[in-house]
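> pasting a predicted model and its sequence here:
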Amino acid sequence: MVTSLSILLAAAPAWCQPQTPSDLDLSPEIIESSPVLQRWQHQVPSVWSDIKHDPSFPTRLRLGYSLFPDSDDAAGFNFGIEDLFIGRSGLTISADYYGTSDRTSYGADLRYYLRPLGSYINIAPVVGYRHLETDADARDGINIGLRLLLVPSRGGGADIALTQSFVSLGSDAEVGIATLSFGYAITPHLRLSTDIQQQNFRSHKDSRFGILLE
C-alpha cells in the first residue's frame with residue numbers, strides 16, 4: 001500500500017505534490033502558531049509513524065471520590081495513575097488506591113496494547129496484583145484480564161474503556177471485577193472522568209461509582 005502511494009505521488013502533477021510551509025507562502029505568525037507546520041520545516045511528517053507510535057490516549061494522574069451504593073453508601077477517596085508508557089512500546093503500567101471507613105483496595109497492572117498506539121480502537125491483555133479488603137474479609141492475588149479502549153477524540157479529548165479482570169482466578173477466593181470508564185477533557189490539561197465498577201465475590205456482589213479529575 002505504501003509503495004503504491006509513493007508511485008501515485010511521484011506521477012502526480014506539481015500541485016498535488018507534498019509542500020513545505022515556504023511553498024505555501026504563509027506568514028511567519030501562522031507558522032509559529034502551528035506545531036505541525038514547524039515540523040514540516042525540518043521534515044515532512046510520516047502519518048503512519050504517528051499512528052503507530054504517538055498514542056491516541058495520554059498518561060493520566062487521577063484524584064477523586066468513590067461511592068459504594070450497595071454498602072450503605074460508604075464513600076471515600078480515590079487516586080492513581082493510568083497508562084504510564086514504558087518506552088515507545090505498547091506496554092503501560094497503571095496503579096490505583098481507594099479507601100473508605102470500612103474498605104480498601106489497591107493494585108498495579110501491566111497492559112500491553114496490541115494495536116498501534118494511535119488507533120481509535122485498541123485492546124490490551126492485563127496482568128498485575130490487586131488487594132481487596134472489606135469489613136467482612138480480605139482478598140488479594142494475581143489480577144488478569146482484558147481491556148477494550150475506544151478513543152473517539154485523540155490526544156485525551158475523550159475515551160471510553162471497558163476492563164474485565166479476575167483476582168485469584170479459579171480459586172475459592174476468586175473475585176471478578178468489571179469496570180466501565182468515561183473520560184472527557186474540560187480544558188487542554190484537565191479531564192473529568194467516571195468509573196462504574198461491579199465487584200463479584202463468590203458470596204456477594206458490590207458496586208462502586210467514582211468521579212475523578214485527571
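Yes, it's here. Bear in mind the structure is a predicted one, so any value in this text is a computation, not a measurement.

> domain ranges for the chain?
2-45, 60-213 (automatic domain parsing).

> so which of those domains has the densest surroundings on average?
Burial of the domains of the chain is given as mean neighbour count (mean count of other C-beta atoms under 10 Å); domain 60-213 ranks first at a mean of 16. Any C-beta I mention is one placed from the backbone N, CA and C, and that applies to glycine too.

> in a markdown table, list the domains of the chain along with mean pLDDT and distance to Asp54.
Formatted as a markdown table, the domains of the chain follow (pLDDT from 0 to 100; distance: least, C-beta to C-beta, whole Å):
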| stretch | mean pLDDT | distance to Asp54 |
| --- | --- | --- |
| domain 2-45 | 58 | 10 |
| domain 60-213 | 92 | 5 |
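
> where do the strands sit along the chain?
Counting by DSSP state E, the chain has strands at residues 60-68, 74-85, 91-99, 104-112, 121-133, 138-153, 158-167, 175-187, 190-200, 205-213.

> out of those, which comes closest to Pro28?
Pro28 lies closest, by C-beta to C-beta, to one member of these: strand 175-187, at 28.3 Å.

> coming back round to it: could I get the strands of the chain in a markdown table, plus columns for distance to Ser33?
What follows is those, written out as a markdown table (distance: least, C-beta to C-beta, whole Å):
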| stretch | distance to Ser33 |
| --- | --- |
| strand 60-68 | 27 |
| strand 74-85 | 28 |
| strand 91-99 | 32 |
| strand 104-112 | 36 |
| strand 121-133 | 31 |
| strand 138-153 | 21 |
| strand 158-167 | 25 |
| strand 175-187 | 19 |
| strand 190-200 | 22 |
| strand 205-213 | 29 |
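
> for Leu212, see how far away the residue lying closest to Gln199 once chain neighbours are set aside is.
Among residues not flanking Gln199 along the chain, Asp206 sits closest, at 4.5 Å (C-beta to C-beta, 6 or more residues apart in numbering). Distance from Asp206 to Leu212, counting by C-beta to C-beta, to the nearest Å: 19 Å.

> and if you look at Asn122?
Counting by C-beta to C-beta - Asn122 and Leu212 are separated by 21 Å.

> returning to that earlier point: and the residue nearest to Gln199, what does it touch?
Phe68, Asp70, Ser71, Thr134, Gln198, Gln199 (C-beta atoms under 8 Å, 6 or more residues apart in numbering).

> then stretch 82-97 to CSV, C-alphas only?
Extracted C-alpha coordinates of stretch 82-97, given in CSV (Å, rounded to 0.1, in the frame of the first residue of the first chain):
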residue,chain,number,x,y,z
GLU,A,82,-3.3,5.4,34.3
ASP,A,83,-1.2,4.2,31.3
LEU,A,84,2.3,5.3,32.2
PHE,A,85,4.1,4.3,28.9
ILE,A,86,7.3,2.2,29.1
GLY,A,87,9.4,3.5,26.2
ARG,A,88,7.7,3.7,22.8
SER,A,89,6.1,0.3,23.0
GLY,A,90,2.5,-0.6,23.7
LEU,A,91,3.4,-1.6,27.3
THR,A,92,2.0,0.6,30.1
ILE,A,93,1.7,0.5,33.9
SER,A,94,-1.3,1.6,35.9
ALA,A,95,-1.8,1.8,39.7
ASP,A,96,-4.6,2.9,41.9
TYR,A,97,-5.9,3.1,45.5
